[in-house]
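Chemist: kindly return the folded structure for what I paste below:
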Amino acid sequence: LESKAHSPCENKIKNMVESLSALLSLEEEYKPALEEFPINDGSNPKPENTIRFVCISDTHCKVTADMIPDGDVLLHGGDFGNIGNLRDTELFIE
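Modeler: Numbers count the residues shown, from 1 in each chain. This next block holds a predicted model:
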């Protein structure tokens, strides 16, 4: 992008493009490792002496425990509720 002064919106877009470019270059750098350790949906047996992490996000009260693969550690990246009320939190805990 040009080096002239940008609006706040243009600056955000510029930063997002730069971040995406950086992520794409990382993907190529780490591609061999990703192929060696592929993403697992939980259906494959867990190798001995390993820890299985299950990572989810943006479930918005629409995911039940039976929909989540078995694992040792559950990481939730956020947005488990709809409007942030107590009932959303109770549903998430259940």
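
Chemist: check the secondary structure at residue 43 for me.
Modeler: coil (DSSP: H, G, I helix; E, B strand; the rest coil).

Chemist: separation between it and residue 77?
Modeler: From residue 43 across to residue 77, the span is 22 Å (CB to CB, to the nearest Å). No exception for glycine: its C-beta is placed from N, CA and C like everyone else's.

Chemist: tell me which of those two has more neighbours.
Modeler: Comparing residue 43 with residue 77 by other CB atoms under 10 Å, the one with more neighbours is residue 77, at 10 against 7.

Chemist: show me the contacts for that one.
Modeler: By CB atoms under 8 Å, 6 or more residues apart in numbering, residue 77 lies in contact with 55, 56, 57, 58.

Chemist: mind listing the strands for the protein?
Modeler: Under the criterion DSSP state E, strands of the chain are mapped to 53-56, 73-76.

Chemist: distance to residue 18 and mean neighbour count added to those, as a markdown table?
Modeler: What follows is the strands of the chain, written out as a markdown table (distance: least, CB to CB, whole Å; neighbours: other CB atoms under 10 Å):
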| stretch | distance to residue 18 | mean neighbour count |
| --- | --- | --- |
| strand 53-56 | 25 | 13 |
| strand 73-76 | 27 | 12 |
